[in-house]
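Asks: sequence-free structure coming up:
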């Protein structure tokens, strides 16, 4: 019997062929699957749980057992998977994952993975170019946008209070305050908690009628905190909020940050790559002035989950926050670029070869095709907004800024929040269209995000029809319940 850890070439070829055939069939049939097939935790555990295998099994039998996972996953690749901000992935990146696993390099530093480190610098350069960020800025890939936001805030904290790294927050000289809009992603507040800044010192700035941060209220809050003895140090603007896709007025916020001597961080994890579309690029004006930017290639660049990114205008500021050394990490016989270590610019030591997936996608598809796909997503969201505004039974809860849309059923006298919750659950369990939820100015709504190059205008019409059918079914259930004596 062959060594199960070191296969002969012909056995590897056969296993790979079976796996690729299964992946190809999945992609070919994903639109015909339910987005999500209902199940329970207990049922899935019963189907999957086995004793610890002591001996190996044949690969075809193992692959067959994975059918449970294929069947009961929530399929981000489905063209009507509109929940959350879920990337569909691409076929070429399925192959990229195989290549990445084969190399299995740990991109901690140049000496650990010379070619991978250089490829990461190259692809980070592409992202800087895309946003108009300075060529001498730095950046690295992270596990996702939350880690990128944490890294950006850590660099901001270190820049404002250089002694914090050694002395802790007692070296900060007073409570440190960070400013976000009420629509900002919760990872900013979580980062503040982790970094010792404290969630209580995360200030929520008022928003305008398009859910964008109000620079005037930002200025008022900064000056009020400073007068009270606090230490304002960072404002985190959003370039595409999770709930509604709102883009804060980045240039105006950058003016406030410069005047008030604050670090400007921009959370562009969801929306940043819309800058690839020429007609949308102007709406990100000012992002090139940010001190740090969070991006998520595993969102609107359609990459596999696990690829975020943080950019720093001043590499020295990041190094001051994260630079660390030990004897076992000391570089010997290397100078200049070859002595570079990613751990000096972010929180991770062990790091997978994330750059490979982005490099592969751009090389294979090209920036123009990616821009066209993003433009198609934007058009589908705008189309859905038009369909809702033309309908007598649904209403929009917020304007469509990017590819997020928030709406709800309105053709009822009262109890709309509870009614729409029931509609949402029926849709999610129905499998044809999957929405998530958002509360917009106190009103519960159905939320969708178009983030799939497979999605078509027909899918948008089908999605609204599914919502209407779900609403009718829920109202029928309510009517029956009320008629029971």
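Replies: Looks like it arrived, so ask away. Since the structure is predicted, the reported quantities are computational estimates derived from the model, not experimental observations.

Asks: in the helix or strand of the chain with the lowest mean pLDDT, what counts as buried?
Replies: Ranked by mean pLDDT, DSSP states H and E, the helix or strand of the chain with the weakest confidence is helix 164-167, at a mean of 80. Going by neighbour count (16 or more other Cβ atoms under 10 Å), the buried part of helix 164-167 is 164-165. Glycine gets a C-beta too; all of them are placed from N, C-alpha and C.

Asks: neighbouring contacts of that helix?
Replies: Contacts with helix 164-167, where a contact means Cβ atoms under 8 Å, 6 or more residues apart in numbering, come from 157-158, 171-172, 320-321.

Asks: helix or strand right after that helix?
Replies: strand 176-181 (DSSP states H and E).

Asks: any chance of the contacts of helix 164-167 in JSON lines, with neighbour count, pLDDT and distance to residue 23 too?
Replies: Written out in JSON lines, the entries for the contacts of helix 164-167 read as follows (neighbours: other Cβ atoms under 10 Å; pLDDT from 0 to 100; distance: Cβ to Cβ, whole Å):
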{"residue": "157", "neighbour count": "25", "pLDDT": "96", "distance to residue 23": "43"}
{"residue": "158", "neighbour count": "22", "pLDDT": "94", "distance to residue 23": "44"}
{"residue": "171", "neighbour count": "12", "pLDDT": "67", "distance to residue 23": "52"}
{"residue": "172", "neighbour count": "18", "pLDDT": "70", "distance to residue 23": "51"}
{"residue": "320", "neighbour count": "17", "pLDDT": "93", "distance to residue 23": "44"}
{"residue": "321", "neighbour count": "25", "pLDDT": "94", "distance to residue 23": "40"}
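
Asks: Of all pairs in the residues you listed, which one is the farthest apart?
Replies: Taking Cβ to Cβ as the measure, the contacts of helix 164-167 reach their widest spread between 172 and 320, a distance of 14.5 Å.

Asks: hmm, back to that, quick one: which of the contacts of helix 164-167 is nearest to residue 248?
Replies: Sorting the contacts of helix 164-167 by how near they are to residue 248, with Cβ to Cβ, puts residue 157 at the top with 21.0 Å.

Asks: Would you agree the closest one falls within a strand?
Replies: No - if the criterion is DSSP: H, G, I helix; E, B strand; the rest coil, then residue 157 is helix and not within a strand.

Asks: Wait, it touches residue 194, no?
Replies: No - contact between residue 157 and residue 194 fails when scored by Cβ atoms under 8 Å: they sit 11.0 Å apart.

Asks: Show me where the chain has its strands.
Replies: 138-142, 176-181, 202-205, 231-238, 263-267, 292-295, 308-312, 394-396, 404-409, 436-440, 443-449 (DSSP state E).

Asks: What is the fourth one packed up against?
Replies: I take that to be strand 231-238. helix 145-160, strand 176-181, helix 215-227, helix 250-260, strand 263-267 (3 or more Cβ pairs under 8 Å, 6 or more residues apart in numbering; DSSP states H and E).

Asks: Give me the mean pLDDT for it.
Replies: Per-region confidence: strand 231-238 scores 97 on mean pLDDT.

Asks: In the stretch 301-450 of the chain, where is pLDDT below threshold?
Replies: Counting by pLDDT under 70, the low-confidence segments of the stretch 301-450 of the chain come to 326-335, 413.

Asks: Where do the helices of it begin and end?
Replies: 315-322, 355-365, 367-390, 416-430 (DSSP state H, counting those that start in this stretch).

Asks: do the same with the stretch 51-200 of the chain
Replies: According to DSSP H, counting those that start in this stretch, the stretch 51-200 of the chain carries its helices in the segments 59-65, 67-71, 91-103, 114-131, 145-160, 164-167, 186-194.

Asks: can I get those in a markdown table with distance to residue 426?
Replies: Formatted as a markdown table, those follow (distance: least, Cβ to Cβ, whole Å):
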| stretch | distance to residue 426 |
| --- | --- |
| helix 59-65 | 32 |
| helix 67-71 | 21 |
| helix 91-103 | 32 |
| helix 114-131 | 40 |
| helix 145-160 | 31 |
| helix 164-167 | 50 |
| helix 186-194 | 27 |
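
Asks: Now the weakest link among those helices, please, by mean pLDDT.
Replies: When those are ranked by mean pLDDT, helix 164-167 comes last with a mean of 80.

Asks: what distance separates that helix from the centre of its chain?
Replies: Taking the mean C-alpha point of helix 164-167 and that of its whole chain, the gap between them comes to 31 Å (Cα atoms, centre = their mean, to the nearest Å).

Asks: swap in stretch 253-266?
Replies: Taking mean C-alpha positions (Cα atoms, centre = their mean), stretch 253-266 and its chain are 24 Å apart.

Asks: Then stretch 193-210?
Replies: For stretch 193-210, the distance between its averaged C-alpha position and the chain's averaged C-alpha position is 19 Å (Cα atoms, centre = their mean).

Asks: Let's see the distance spanning it from one end to the other.
Replies: The first and final residues of stretch 193-210 sit 28 Å from each other (Cα to Cα, to the nearest Å).

Asks: thinking again about what came up before, so which of the helices of the stretch 51-200 of the chain gets nearest residue 9?
Replies: Taking Cβ to Cβ as the criterion, helix 91-103 is the member of the helices of the stretch 51-200 of the chain that comes nearest to residue 9, at 13.1 Å.

Asks: buried ones in that closest one?
Replies: Within helix 91-103, the residues scored as buried using 16+ other Cβ under 10 Å are 93-94, 96, 100.

Asks: and if you look at stretch 182-191?
Replies: Applying a neighbour-count criterion of 16+ other Cβ under 10 Å, the buried positions in stretch 182-191 are 183-185, 187-191.
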